[in-house]
Structures are given as C-alpha cells and as structure tokens.
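K.L.:
Structure for the following, please:
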Amino acid sequence: MKTESNVVRRDVNIGKMTFTKVFLILTGGLVFLLIALGDGQANTKWPHIVLSKDGIPVSYEIHGTGEPTLVFVHGWSCDGRYWRAQVPHFSKNHRIAVVDLAGHGHSGMARTKYTMEAFGEDVRAVTEATGSDNVILIGHSMGGSVIAEAARLMPNRVVGLIGIDTLENIEYPMSFEEMKRITAPLEIDYQAGSRKFIEEMISPQTGSQLREWILSDISAAPPAVALSAMKEMMTQYVTGEAAQIFEKVRVPVITVNGDLWPINYEANRRHMFSYHAIVLKKADHFLMMSRAEDFNIALEKAINMLSGKSDK
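P.N.:
Sure, this is the predicted structure:
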C-alpha cells in the first residue's frame, strides 16, 4: 500500500522527463544564470561617471593597471572612441583613463560655454578619481589645450604632457578676423562646414571607410557645443593665453605630430618647461587611427621619455 508521502516523493512522468529532473534543471539553470550574470558584471569594464567642478557628469573608462597612469583626452567634436586603437596596447602596462569631455560622447551637455578651463576641470575630476599621483596627460588636437589647463590645476599629480598633432606653435598670432573666417561656414551650415574643415586634415592615403566615419561623426556633433569650443580655443591664441598658460605648467611637454603643419620649436621652448617633438612623416591629423601601429610606437617612446625609462 502506498502512503501519501510515497506519492509525494514519487517522480511524476512528464513525457520522457520526470518532474524532479525538470525542477533540478530549471533551478540549477537559474543558479547558473545568476552566477553568470554576477561574473559578467564583475568582469565587464563598464564606463564610470564623475561630476566636474560645475556639476556636469563626465563619462570615462578605466582599463589596465600600472604606473604612470595615462589619461587620454580627445579633440574637437570627437570622443573617447578615437583612442580605440590605443586602449588594448597601452592597458597592458598602464592604467589608462579614456575621457569624454562635457558636451561630447556620453558626458553631460548642460554648459552654456565650453571653455578650455572647464574642459580642464573635466580632466581633473577624472584624474583625481583614478587616485594616481603619477599621471601623464595625452591630448589630441584641441585636447592639447585642454591638458595644459588640467596640468595647471593638478601640479602635484601630472608628471608630463603629450600632445597629439597639436601645439605646433603656441605663439601663433591668430586674429579675430581669421577666427571669424574659420568659424563662419560652421555657423551657416555646421554639417557641411565641419566636413569641409576636417576633410583637409585627412590624408588621401587614409582608407575610405575610416575617412567617412571621421567626417560623419564630427559633422554630427552638437553645433552649439562645437562652435563654443572652437571659439574658446581660438580665442586663447588671439589673446596669447595659449602660450601664457605654459608658464604656469612646469612639466615636460612632448608632441607626437604628423607633418601637415610646421613646428615652431623656438616659440614653444620660450614658454614650456621643456619641449620635444616626434614627427611621423606623411601622417595626418588623425594619426592615432590612420597610422595606429606607427603611432603607438611613437607614443610609447614619448611615455618612456617622460617616465624616465630607456627608449625601446
């Protein structure tokens, strides 16, 4: 005679599979799924958010370990994706932070003016969040002006600056008339004007897919942000502030440049603590993308020079 308890314990056939087996598979699968999700969240490199001085949220990513910490700052109307070819290479031996400046990428857009000083505060917030006191700031294009501002704000953290196709002549005598001539097409039609402006900076040897990606991406930037940032950056050259700020930044400066524009070594050395340039022949403004392998070798050389290591 079967008892009630025997009936309860007895497996109930469900086709060829018993209820007990189904239950174990379902619950075991749930446990496995939860473990997998937990591991995924622990191992995935999610972006971080930190508030800049004015409360704007700044998005950034952290990769790798090792000092000095490298903070990568993009250029005008770009974002952290422009360093995609550098992240795997340099995160092998360094902790790197890749920043989206306010108004760019995934960072906040609530500013009315996008000044180099405010961008510098964005970089300071990210740099301080890393906790490192041994930092090299790396800035492309407009990012060269930004990292100078950031270095001024963090004299005890930054050991050197590396400009990427930027800072060719910090004494460049720009006039308001020249600035207006450059920005006028952007004000009339930002998308068409920005494409034409940037197209001249890309080498004919650059692949068509990368060329179109850069042009489409930059021309899709928010016009108000782009125009404000450009005018603020150029105004520093009109007023002379572009050179003067380096008299407050007493760390070595190295640039990795293409050869589109000549470098005025004498002008830079009149204001910088020290200045050295590494020039890649026949490289364009976006050399970290179009000439990634050669660029990474050059950037590694610059990092070694600033960190006191022998050149590899």
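K.L.:
okay, now Arg81: neighbour count?
P.N.:
14 (other C-beta atoms under 10 Å). Placement of C-beta: from N, CA and C, glycine included.
K.L.:
try the one 5 residues further on
P.N.:
For Gln86, the count of nearby residues is 23 (other C-beta under 10 Å).
K.L.:
ok, it - contacts?
P.N.:
Listed by C-beta atoms under 8 Å, 6 or more residues apart in numbering, the contact set of Gln86 reads Phe72, Ile96, Met288, Ala292, Phe295, Asn296, Leu299.
K.L.:
Make sure I have this right: Ile49 is in a helix.
P.N.:
No. Ile49 is assigned strand when assessed by DSSP: H, G, I helix; E, B strand; the rest coil, not a helix.
K.L.:
Quick check: the residue lying closest to it once chain neighbours are set aside vs Val238, distance?
P.N.:
If the residues on either side of it in the chain are set aside, Ile49 comes closest to Pro57, at 5.0 Å by C-beta to C-beta, 6 or more residues apart in numbering. Distance, Pro57 to Val238, using C-beta to C-beta, to the nearest Å: 31 Å.
K.L.:
would you list every one of the strands in the stretch 1-150 of the chain?
P.N.:
For the stretch 1-150 of the chain, the strands defined by DSSP state E, counting those that start in this stretch occupy 13-14, 17-18, 48-51, 57-63, 69-73, 96-100, 135-140.
K.L.:
got TSV for the ones you listed, with distance to Gly308, mean neighbour count and mean pLDDT too?
P.N.:
Formatted as TSV, the strands of the stretch 1-150 of the chain follow (distance: least, C-beta to C-beta, whole Å; neighbours: other C-beta atoms under 10 Å; pLDDT from 0 to 100):
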stretch	distance to Gly308	mean neighbour count	mean pLDDT
strand 13-14	70	10	39
strand 17-18	67	12	42
strand 48-51	29	16	98
strand 57-63	23	21	98
strand 69-73	15	27	98
strand 96-100	19	27	98
strand 135-140	12	28	98
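K.L.:
Mind putting those strands into CSV with distance to Asn169?
P.N.:
Output for the strands of the stretch 1-150 of the chain, formatted as CSV (distance: least, C-beta to C-beta, whole Å):
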stretch, distance to Asn169
strand 13-14, 79
strand 17-18, 77
strand 48-51, 33
strand 57-63, 30
strand 69-73, 20
strand 96-100, 25
strand 135-140, 16
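K.L.:
who wins for proximity to Ile245 among those strands?
P.N.:
Among the strands of the stretch 1-150 of the chain, the nearest to Ile245 by C-beta to C-beta is strand 135-140 (13.0 Å).
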